[in-house]
Structures are given as structure tokens and as C-alpha cells.
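Asker: Let's see this in three dimensions:
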Amino acid sequence: MHNSEKGNDAQRSINIFQAVQHMAKIGGWEIDLIKNTLFWTEETYLIHDTTAAEFTPTVDNAVNFYTPKWRAAINLALSNAIEKGTGFDLELELVTAKGRKIWVHIYGKVIMQHGLATKVLGALQDISEKKQAEQEIWHKGHFDFLTGLPNRRMFQHCLTEKIAKASQNQTKVALLYIDLDNFREVNDSFGHNWGDTLLKHAAKRLRSCIRNEDAMARLGGDEFTIIIGDLDDCGMLKSIADDILTAMSEPFQIETEIAYITASIGITLYPDNATEPDKLLKNADQARYVAKAKGRNGFQFYTTAMQKAAETRGVIVKNLQTALANSEFRVVYQPIVSLTTGAIHKAEALIRWHHPSLGLISPADFIHIAEETGMIIDIGEWVFQQAAQQTKQWRDLYQQEIQISVNTSPVQYHDRANKLSQWLNYLYSLGLDGNAIVAEITEGVLMGTNSEITDKLRGFRQDNIQISLDDFGTGYSSLSYLRKFEIDYIKIDQSFVRNLKSDSKDLGLCEAIIAMAHKLDLQVIAEGIETDEQNNLLMAAGCDFGQGYFFSKPVPAADFEQLFSSSHRVSNNFSTSCSAIG
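Answerer: The predicted structure is shown next:
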């Protein structure tokens, strides 16, 4: 190979090396310790936004490019490397000649001759893009993408810092756990995009209720936390909680839609209730749970009694998971009596839990937990099947169109497996029609009337499965619900029947409900009848059916059969008497 070719290859290699350096944003530098000079390559000048004509680098003035935070670090690293004859490797922030802040990776190696450090040879790389990517990854891992608030991980860090500071200053920390009431229903009704926008607005309202120094996070879903540190006066917590409740109760108008939600708040204190972050969060969650159970739209401070309640709930959750498989549930039946004839034509199926060691567990203690955990879907399906089988048995035995009501939970209407839609097929498999079963719903189902729920209710109607609206008059009962959905029965809540007297306001309310229902071609069932007087007043008001301890408590199937037979003997005697009179 000719010398000219070798020269061309050498120059080519230099050109490629320089191009690669530029692409990778890597510059070179060299400190001559004997001459006390600093040399930069062309790329190093470019990284600093300057040129050799504009700037002559020295060890002293080159360090000035770095922010004050990092100058001491690089001076120390350089002096240690020279002293020990080693190298160094740092990531630092510098400000270029044009004022741009960039991150660089600088590394150097000391060159030794005859045991003395004579030079330091190194490289400098612009790693700003890498740092930005790392920052974005860190931000995504520590902040909520929707609201921009700290997420659960960042919340834990903030709470730990607040506790450490409070411990040092001998002050308190308050932790507020906030849950938006009815958010799921609103989300289902208006759609997830609308729900996301509501969460953003809710976050802004929460932020407006606290101080700048207070920390706030979104744990997920519709759950938020607020950390109030360096707290001397705990009395301010009630004021903050009241402000939050007021802010959340204001209507949310997004585009053309308006929705109403409220909040339930649990509050706990460091160090009064706990000293560990996880324990504080658990306490606040327990207090929030109590606030929700008390009717929502309120706040509750943590108490030691809640710990016992939480432990009890944990026991129920654990045992509930195996109760169905272990055949611990039973179904009992409460008669629904015709107030005209006294005959039993209907019954309500009610679940009972007989645990082998805990004994009889009240539905009031486990149904809401089954709903929260989603176990109500399988439990509700089991109750339906038991009721359907019993209906078949009684219809075959008595040759009468006995009808059993089955309670349904709002959770069942959100079941992706859509087991409710399979009810008719199951009834057909038993040789029954849809009219063998009545689906009892609560107003909570109607409040979440998105297309999914509407389709399932209409599916019942198409399958000839009748619908009964339970606890009518206690919540957000609306005539629009009765018009929109083809309800067959409304059940007057027992709270109206309990104090029923001839001159009471409750009687006026019952009479009005019965008259309205009949105008809409609905039949009425009065719940909670306990006395002969209540029964007579409701009969006089034209109520169609009655249910309550006056007739019978919920009983096993065998006892129900005796009641059924007895009621029809009375009914037949009543019919015979009427015929004789006629």
C-alpha cells in the first residue's frame, strides 16, 4: 500500500471518529499538569456552546461552567485522582456559554510517568436526553398521569418525610383518606372519559381546601389522601374536612352534563394513633370506611374501636371466601300475603349464613362486604338458583303459580359475565317461565342507569321476569324511574309502616304511595307489618300485599309449606263465606 493511501485511510479514520464523536455528543479534553494547561477537542467546545476563537479553556475557568452545586464535587474528584494516580467518573449539570442547562457525563484518567502524575486525559458527553428520559420515567413512576398528583409510591415518601420532621419538631401529622361517594355510578352513567374529567376537577377542589405546604396524592380510582404536617392545633382538621365536604357537594358540570357526588373522609393522627406510615394509612382507611357506613358525605376520626371492627371484617372476608363452597348458606322464605284474601301467593327469598364455629352471622354483617369484594355475584346467583328450584318444587306440589322474589345487588348489574342474563335459561331448564321469579332491585341500581344496566332491566322484561322496587320512599325515589323502567311492584319501606296509626302522617304517605302506584298500574307490597292495626289500615288504603312478622318471620321451606297450606284454607273459607253472602 502506498504512503498516500495510508495517509488517506488515517485521515478517513480521523474523520469517522470525529463524526461519531459528534453523533454521540462526546468531546475530549486533556490537562497538562506540568504546563498547567487544558486542551479541548472541537466537540467539547460545541457541547459548551462556544468556539476556540471565543474561549480559551483553563482548569480554573472551565470549572466555572458547572453550577455551584457541582463545582466542589469536580474539584474534589480531580484532586483525589491526581493524588492517587487513578481516575474519576461523574454526572454533573453545567450551564453553557449560551445559558443552556445541560447534563454531562465526565470521566478522566491520570497519566503517570516515572511515578508522577503528568496528565489527566478524559472525555465529556452530553447526556441531557438520557437524563430527561430518566426524569420522565421517574415522574411516571411517582405521579398520577391523570391528575398530576403524587401517586401511592410518592405518597409513602412524602408521609415518611412529614413524620420525620414532626418527630424532630415534636408536632403532629394528620392523614386524611378521601373517597368520592357514588363515583362508580356517575362513571358508569356518563362514561369513563367524563369520569376522568370529574376526577381532575375533584383534585383541584381538594387542593383548594388545603395549604400550599400540605401534601396531596391520588392513590388510585376515586381515592385521595392529604397529609397535613407540623400540626399544633388539631382543631383545624374539622374545618378542613368541612371545607372538603362543601367543595365536593357542589355540582360538577362538565360540557352539558351535571353530576352530584359527595365525599367520605377518614382522619388519623401521628403519633396519637400510630407512628408507622403503613399503619397510619390503614387507620385512615378504617375511619373512612366508618364514615361511608354512617351514610356518606361526612368525616370520621380514627378510634381504637375501629381496629376491632376491622379485625372482625377481616375474619368475615376470609370466611366468606369459602362459605359457598362449604355449603354454609341457607335460604329462608318470608311469606308475602294478599291483604284481600289472606292467602300466600308469593315469598321473598332471604339468605342466612350458618358458620360452623362463628355461628349465625347476620346478613347486615356480611352482605355489604360481599358487595364490596364482588363475592355477591356468585352468592346472589346461588340464591337465585335455590329460589328457582324451590319455586319449581312448590308449583308442582300445590299446582299454583307461586312466585318468589330474589334480591339483586347493584354489583350484579356490573358483572362482566352477565349472569343475570342467564336466569331465563336456568328457569327453562327447570320447566319454569320467567314469571316464576321477581327480581328485587334497590334505587341504587336505578341511579346508575347507564346502557348496561338499562339493557339488563329490559332483558328481565323481555324474559317476563317481573321487577320489584325495594325500600320505596327512603332514597331518591323518582316518578321518572317508574316511567322509564317497567316496574311491576313497589315495596313500601317498613320505616313508614312501623309507626302507622289512624291519625299519623305515615298513613297519609302510605295512602298517597298506594294511590300513585295504582294509577301507574303498579301493585304495592307493604313491608314490616307487625300489628293487626297496621294490617287493617293498609287493607283499608287498598294495599295489595303485606309482608312482616304479623304474618310470619322468614322460615325454612318446610315451615313455609305449613303456612302456605294454612293460608289457603283460610282463603277458601273466606271465598266460601263471600259466596254465601252473595
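Asker: In this structure, which residue is most central in space?
Answerer: G221 (4.3 Å; Cα atoms, centre = their mean).
Asker: For that one, give its distance to N193.
Answerer: Distance of G221 to N193, computed by Cβ to Cβ, to the nearest Å: 16 Å. Using the backbone N, CA and C atoms, a C-beta is placed for each residue, glycine as well.
Asker: And for W138?
Answerer: Distance from W138 to N193, by Cβ to Cβ: 28 Å.
Asker: ok, now R211?
Answerer: In this structure, R211 and N193 are 32 Å apart, going by Cβ to Cβ.
Asker: With P251 instead?
Answerer: With Cβ to Cβ as the criterion, P251 and N193 are 19 Å apart.
Asker: Same question for R352.
Answerer: Per Cβ to Cβ, R352 is found 43 Å from N193.
Asker: more neighbours, these two?
Answerer: Using other Cβ atoms under 10 Å, the more surrounded residue of R352 and N193 is R352, with 15 against 10.
Asker: Enumerate every residue touching the more buried one.
Answerer: Shown in contact with R352 (Cβ atoms under 8 Å, 6 or more residues apart in numbering): 329-332, 360, 363, 554.
Asker: Equivalent analysis for C510, please.
Answerer: Contacts of C510 by Cβ under 8 Å, 6+ apart are 492, 496-497, 500, 526, 537-538, 541, 543.
Asker: hmm, try it at 7 Å
Answerer: Contacts for C510 were tallied using Cβ atoms under 7 Å, 6 or more residues apart in numbering; they are 492, 496, 500, 538, 541.
Asker: ok, and the most crowded of the contacts of R352?
Answerer: In terms of neighbours by other Cβ under 10 Å, these top out with V331 at 21 neighbours.
Asker: Just give the nearest non-adjacent residue to it, would you?
Answerer: With Cβ to Cβ, 6 or more residues apart in numbering as the criterion, V331 has its nearest non-adjacent residue at 4.6 Å, and that residue is Q386.
Asker: after the helix or strand containing the one you found, next one along is what?
Answerer: Secondary structure assignment for Q386, by DSSP states H and E: helix 376-398. The helix or strand immediately downstream of helix 376-398 is strand 403-407, counting by DSSP H and E.
Asker: now what about that following strand, what contacts it?
Answerer: Applying Cβ under 7 Å, 6+ apart, the contact partners of strand 403-407 are 345-349, 383-384, 387, 390-391, 435-440, 468.
Asker: distance of the nearest residue to G148 once chain neighbours are set aside from I514?
Answerer: In this structure, G148 finds its nearest non-sequential neighbour in A203, 8.0 Å apart by Cβ to Cβ, 6+ apart. Distance, A203 to I514, by Cβ to Cβ: 47 Å.
Asker: can you check A81 too?
Answerer: 94 Å.
Asker: How about N36?
Answerer: From N36 to I514 the distance is 104 Å (Cβ to Cβ).
Asker: Between these two, which has more neighbouring residues?
Answerer: I514 (21 against 10).
Asker: I'd assumed D544 was in contact with the more buried one.
Answerer: No: between I514 and D544 there is no contact under Cβ atoms under 7 Å: 8.2 Å.
Asker: residues shared between the contacts of these two?
Answerer: Both I514 and D544 are in contact with V524, where contact means Cβ under 7 Å, 6+ apart.
Asker: Check the average confidence over the strand or helix carrying L507, would you?
Answerer: Using DSSP H and E, L507 falls within helix 505-519. Averaging pLDDT along helix 505-519 yields 92.
Asker: buried set for stretch 359-373?
Answerer: Neighbour-count burial for stretch 359-373, with 16 or more other Cβ atoms under 10 Å as criterion, is recorded at 361, 366-367, 370-371.
Asker: Just the ones of those residues in helices?
Answerer: 366-367, 370-371 (DSSP state H).
Asker: what's the nearest residue to T225 once chain neighbours are set aside in contact with, if anything?
Answerer: Leaving aside its chain neighbours, T225 sits nearest to A217 (5.0 Å; criterion: Cβ to Cβ, 6+ apart). Residues counted as contacts of A217 (Cβ under 7 Å, 6+ apart) are 149-152, 154-155, 224-225.
Asker: can you do 6 Å?
Answerer: 149-150, 155, 225 (Cβ atoms under 6 Å, 6 or more residues apart in numbering).
Asker: thought P335 was touching F550?
Answerer: No: P335 lies out of contact with F550 (Cβ atoms under 6 Å); the separation is 10.5 Å.
Asker: what's the closest of the buried residues of stretch 359-373 to H518?
Answerer: For the buried residues of stretch 359-373, the residue nearest H518 by Cβ to Cβ is I367; the value is 31.8 Å.
Asker: And for the closest residue to the closest one other than its chain neighbours, the neighbour number?
Answerer: Sequence neighbours aside, I376 is the residue nearest to I367 in space, at 7.1 Å (criterion: Cβ to Cβ, 6+ apart). Neighbour count of I376, defined by other Cβ under 10 Å: 24.
Asker: quick one: I376 from T268, how far?
Answerer: Separation of I376 from T268 (Cβ to Cβ): 29 Å.
Asker: The residue nearest to V331 contacts R330, correct?
Answerer: No: using Cβ under 6 Å, Q386 makes no contact with R330, being 8.8 Å away.
Asker: thinking again about what came up before, check the contacts of C510 and tell me the two furthest apart.
Answerer: Farthest pair in the contacts of C510, by Cβ to Cβ: F496 and A541, 11.4 Å.
Asker: all strands for the stretch 301-450 of the chain, in order.
Answerer: Secondary structure of the stretch 301-450 of the chain by DSSP state E, counting those that start in this stretch: the strands cover 329-338, 344-355, 359-361, 403-407, 437-441.
Asker: Between those strands, which one is closest to S566.
Answerer: Nearest of these (Cβ to Cβ): strand 344-355, 8.7 Å.
Asker: on that earlier part again, which among the contacts of strand 403-407 count as buried?
Answerer: The buried subset of the contacts of strand 403-407 - by 16+ other Cβ under 10 Å - is 345-349, 383-384, 387, 390-391, 436-440, 468.
Asker: With respect to H114, which of these is nearest?
Answerer: Nearest to H114 among the buried ones among the contacts of strand 403-407: V383, at 93.0 Å, using Cβ to Cβ.
Asker: so what's the closest one closest to, chain neighbours aside?
Answerer: V383's closest residue in space is I351 (Cβ to Cβ, 6+ apart), at 5.4 Å.
Asker: Output the below-cut-off pLDDT ranges for this protein.
Answerer: Low-confidence segments of the chain, defined by pLDDT under 70: 1-24, 444, 447-450, 473-481, 483, 569-582.
Asker: Break it into its domains for me.
Answerer: Using automatic domain parsing, the domains assigned to the chain come out as 18-132, 143-302, 313-573.
Asker: quick check: angle from the helix or strand hosting T454 to strand 437-441?
Answerer: Per DSSP H and E: T454 is located in helix 451-462. Counting by axes from the mean of the first three to the mean of the last three Cα atoms, to 10 degrees, helix 451-462 points 150 degrees away from the direction of strand 437-441.
Asker: Tell me the helices and strands packed up against the helix or strand that comes right after helix 451-462.
Answerer: Of the helices and strands lying after helix 451-462 in sequence (DSSP H and E), the nearest is strand 466-472. The contact analysis (3 or more Cβ pairs under 6 Å, 6 or more residues apart in numbering; DSSP states H and E) places strand 466-472 against strand 437-441, strand 489-492.
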